[in-house]
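J.: Need a 3D model of the sequence below.
(one chain, ligands or ions: 3)
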Amino acid sequence: MKVLKFGGSSVANSNNIKKVVKIVHKAAETEKVAVIVSAFGKTTNKLIEAATLAASNDSSYMKRFSEVKEQHDNVVQNLITTDKKEQVQNRVTTLFKQLETLLEGCFLLREITPKAMATISGFGELLSSYIISEVVKISNKAVYKDSRELITTSNVFDKAQVNFKTTNNNCITYFAENNYKVTVLPGFIAQTESGVATTLGRGGSDYTAAIYAAALDADELQIWTDVSGMYTANPSIVRQAFPIAEISYQEAMELSHFGAKVIYPPTIQPVLEKNIPIVIKNTFEPYEEGTLISNTPNNTAPVKGISHIENITLLTIEGSGMVGVSGTSKRLFETLSNADINVVLITQASSEHSICVAIYEEDTDKAVSAINKTFEVEIERRKVKPVIVEKDLSIIALVGDNMRNHQGLSGQMFSALGKNNVNIRAIAQGASQKNISAVIDSMDAKKGLNTLHEQFFEEKIKQINLFVSGVGNVGKKFLAQINQQNDYLKEHLKMNIRVVGLSNSKKMIFNTEGIDLNNWGYALENGQKASIEDFFIR
Ligand code: ADP
Ligand code: ASP
Ligand code: MG
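T.: Numbering: from 1, shown residues only. Ligands and ions are numbered 1, 2, ... in the order given. Predicted coordinates:
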């Protein structure tokens with residue numbers, strides 16, 4: 001059996017859903033498949049916005065509601081081509097009536113409880129899974145099953161803990177009795193023992209799929225998304241990033257914890273325990289290899305990827321009163337844990353004079369007042385300073401299992417950042433050396449990521465830009481020679497010569513991407529009037 005999960009953009013509209021159904025159909029030719037779907041693209045955000053607006057007594061929540069309804073009605077209209085259309089429309093209308101009533105309740109009460117938010121935000125998956133199951137049924141022997149009847153959780157409504165014992169039993173029993181080739185289930189949603197709706201956290205449909213894969217001992221978990229795998233860095237920030245063919249569970253976990261959103265961090269644990277491979281694939285380019293995550297990746301590169309987290313605050317507590325006094329870190333971390341604050345990174349100098357922790361920006365105020373309260377007495381006696389707060393930071397991290405066997409990687413990392421004027425505020429490197437992290441200004445994050453990507457993943461080719469003035473006999477021969485030798489120079493001398501400006505006594509041309517040397521004569525004839533001043537200004 002295989003488990004296939006499709007994310008929000010993969011199911012954002014009728015055309016995309018058609019691609020999904022094709023992929024499911026192909027997978028089901030050879031074995032049974034469980035298909036987990038996210039809400040249609042952007043639906044969850046809109047539902048949360050609608051609920052928040054309603055709770056603040058803002059009637060524009062209905063606008064969001066109508067947008068979501070229209071998106072779903074369109075898909076039903078386009079894709080349910082059989083005589084079941086009316087039945088499907090009726091069910092969808094019933095779900096939207098329930099949603100409207102819940103939103104109206106928030107509007108009238110002027111409040112939204114975590115319980116109500118979990119119920120409302122889960123409607124996206126309820127709708128998408130039902131509609132997609134009906135589309136899949138048109139060409140396959142398929143069935144719909146509500147994940148809330150299988151996945152049982154704690155009663156923390158927006159990021160609930162799974163009760164694996166009950167959940168696994170439910171899944172095994174249900175799938176043993178079901179003989180359908182395809183089972184379509186919603187991601188993200190679950191419920192407590194007593195049947196109250198919960199969710200597994202934003203991005204949690206990946207986790208739902210992993211829970212099913214582990215419970216059912218699947219052969220493979222496939223995560224279908226909008227990029228062709230886990231990339232060496234976030235492809236929307238680093239243009240040169242490329243998909244990593246193979247990577248270990250630990251590396252994938254580390255990259256996802258440090259911001260590689262392509263996989264929700266808790267997803268790896270359940271499948272890792274069962275040694276079930278995860279494959280990340282692109283719904284829009286299904287023929288591309290994607291990324292294989294397993295225990296034994298065929299990849300010996302020391303650095304596998306670079307990831308980053310934004311919106312970080314650095315908190316430092318320091319003071320002479322901390323030196324040699326045991327229990328300071330215990331009190332600090334206990335305070336943060338009691339306030340339910342996630343610590344992303346820790347550094348402490350061996351002098352024990354200061355401890356520095358990185359947290360998410362949204363927790364800053366809560367953390368600062370809790371810490372200052374804990375160290376109230378020491379602060380009053382000037383043994384410890386009030387917490388020092390630095391905001392607008394990002395963490396960038398190099399990740400790779402083999403980094404420990406290679407010397408000088410942190411040196412390369414920090415000197416590359418330094419050479420590019422990226423100021424480092426704190427550094428952390430675990431003893432396992434799977435991760436080397438640096439805290440930098442958010443403003444520098446894009447530059448920092450690109451610098452590190454170039455340092456560790458890109459072939460270093462020296463770029464030489466030439467302006468050639470004079471294209472008589474000698475100039476012509478020179479250009480022909482460059483044209484002829486360019487590939488050789490690139491391969492053997494790691495040098496790329498690009499002619500970016502050309503001039504004769506009458507005309508001149510410029511192109512920062514490089515002038516086509518097979519055609520320069522024609523381009524020059526049609527160029528602008530030559531002028532020494534302009535030529536030099538360039
Ligand atoms: P889905 O809706 O399918 O769950 P997500 O939006 O959650 O998809 O995750 C896919 C996105 O993750 C990509 O479009 C990409 O912008 C982002 N991303 C961030 N870092 C990485 C990375 N290292 N590799 C691949 N994608 C990444
Ligand atoms: N729809 C949910 C979200 O947007 C879960 C998911 O897509 O994984 O967070
Ligand atoms: Mg996702």
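
J.: how about the helices in the stretch 251-400 of the chain?
T.: Assigned by DSSP state H, counting those that start in this stretch, the stretch 251-400 of the chain shows helices spanning 268-273, 328-338, 364-374, 376-380.

J.: again, but for the stretch 51-200 of the chain
T.: 61-79, 85-109, 114-121, 123-139, 164-177.

J.: Nearest to K26, out of the helices of the stretch 251-400 of the chain?
T.: Nearest of these to K26, taken as Cβ to Cβ: helix 268-273 at 22.1 Å. For glycine as for every other residue, the C-beta is placed from the backbone atoms N, C-alpha and C.

J.: what is the rounded mean pLDDT of that closest one?
T.: For helix 268-273, mean pLDDT rounds to 96.

J.: So which residues on the stretch 101-250 of the chain come close to ligand 1?
T.: Neighbours of ligand 1 within the stretch 101-250 of the chain, by Cβ under 6 Å from any ligand atom: 203, 225-227, 230-231, 233-236.

J.: immediately after the helix or strand in which Q485 is found, which helix or strand?
T.: Assigned by DSSP states H and E, Q485 belongs to helix 473-493. Sequence-wise, the next helix or strand downstream of helix 473-493 (DSSP H and E) is strand 495-503.

J.: Pick out the residue closest to the middle of this structure.
T.: K261 (1.3 Å; Cα atoms, centre = their mean).

J.: where does that residue land on pLDDT?
T.: Per the predicted model, pLDDT is 94 at K261.

J.: Please list the outside residues in contact with stretch 144-154.
T.: For stretch 144-154, contacts defined as Cβ atoms under 8 Å, 6 or more residues apart in numbering pick out 36, 125-126, 129-130, 133-134, 160-163, 166-167, 170-171, 174, 178, 183-187, 189-193, 195, 197-198, 200, 208, 211-212.

J.: The helix or strand harbouring I211 near ligand 2 at all?
T.: Taking DSSP H and E as the definition, I211 sits inside helix 205-215. Yes. Helix 205-215 reaches ligand 2 (Cβ under 6 Å from any ligand atom) through S205.

J.: Run the angle between that helix and helix 164-177 for me.
T.: Orientation check (axes from the mean of the first three to the mean of the last three Cα atoms, to 10 degrees): helix 205-215 against helix 164-177 gives 70 degrees.

J.: Give the partner strands of the next helix-or-strand element following helix 205-215 in its sheet and their orientations.
T.: Next along the chain after helix 205-215, taking DSSP H and E as the criterion, comes strand 220-225. Looking at strand 220-225 with DSSP bridges, its partner strands are strand 2-6 (parallel), strand 278-282 (parallel).

J.: Just send those strands back as JSON lines, with mean neighbour count too.
T.: Formatted as JSON lines, these follow (neighbours: other Cβ atoms under 10 Å):
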{"stretch": "strand 2-6", "mean neighbour count": "27"}
{"stretch": "strand 278-282", "mean neighbour count": "23"}
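
J.: export these to CSV and tack on mean pLDDT and distance to I464?
T.: Shown next, in CSV, are the strands paired with strand 220-225 (pLDDT from 0 to 100; distance: least, Cβ to Cβ, whole Å):
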stretch, mean pLDDT, distance to I464
strand 2-6, 98, 47
strand 278-282, 98, 36
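
J.: Could I get those in JSON lines, plus columns for distance to ligand 1?
T.: As requested, the strands paired with strand 220-225 are arranged in JSON lines below (distance: least, Cβ to the nearest ligand atom, whole Å):
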{"stretch": "strand 2-6", "distance to ligand 1": "7"}
{"stretch": "strand 278-282", "distance to ligand 1": "8"}
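
J.: Determine the set of other helices and strands touching the strand or helix carrying H453.
T.: Using DSSP H and E, H453 maps to helix 445-457. Judged by 3 or more Cβ pairs under 8 Å, 6 or more residues apart in numbering; DSSP states H and E, the packing partners of helix 445-457 are strand 305-318, strand 388-399, helix 409-419.

J.: and these, which is most packed in?
T.: strand 305-318 (a mean of 22; mean count of other Cβ atoms under 10 Å).

J.: how far does the worst-scoring helix or strand of the chain on mean pLDDT sit from the chain's center?
T.: The weakest-scoring helix or strand in the chain, judged by mean pLDDT, DSSP states H and E, is helix 532-537 (a mean of 75). Averaging C-alpha positions (Cα atoms, centre = their mean, to the nearest Å) puts helix 532-537 47 Å from its chain's average.

J.: Any buried residues in it, and which?
T.: By neighbour count with 16 or more other Cβ atoms under 10 Å, helix 532-537 contains no buried residues.

J.: Put the alpha carbons of it into CSV.
T.: Only the C-alpha atoms of helix 532-537 are listed here, as CSV (Å, rounded to 0.1, in the frame of the first residue of the first chain):
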residue,chain,number,x,y,z
ILE,A,532,33.2,57.7,-26.1
GLU,A,533,31.6,59.4,-23.1
ASP,A,534,28.6,57.1,-23.1
PHE,A,535,30.8,54.1,-23.6
PHE,A,536,32.8,54.9,-20.5
ILE,A,537,29.7,55.8,-18.4
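
J.: what's in contact with it?
T.: Outside helix 532-537, the residues that touch it by Cβ under 8 Å, 6+ apart are 467, 469, 501, 503, 508, 528.

J.: N473 - how many residues pack around it?
T.: N473 is flanked by 8 other residues according to other Cβ atoms under 10 Å.

J.: Give me the phi and psi for the residue nearest to T208 when sequence neighbours are not counted.
T.: Distances taken as Cβ to Cβ, 6 or more residues apart in numbering place G187 nearest to T208, at 4.1 Å, with adjacent residues excluded. Reported as degrees, to the nearest 10, the phi and psi values for G187 are phi -80, psi 180.

J.: I'd like the distance between G187 and I532.
T.: Distance, G187 to I532, by Cβ to Cβ, to the nearest Å: 65 Å.

J.: One more: V20?
T.: In terms of Cβ to Cβ, V20 sits 61 Å off from I532.

J.: do G124 as well
T.: For G124, the distance to I532 - Cβ to Cβ - is 64 Å.

J.: Ok, T208 next?
T.: 68 Å.

J.: pLDDT value on V143, please?
T.: 97.

J.: which residue sits closest to it, ignoring its sequence neighbours?
T.: Nearest one to V143, counting by Cβ to Cβ, 6+ apart, is Y180 at 4.2 Å.
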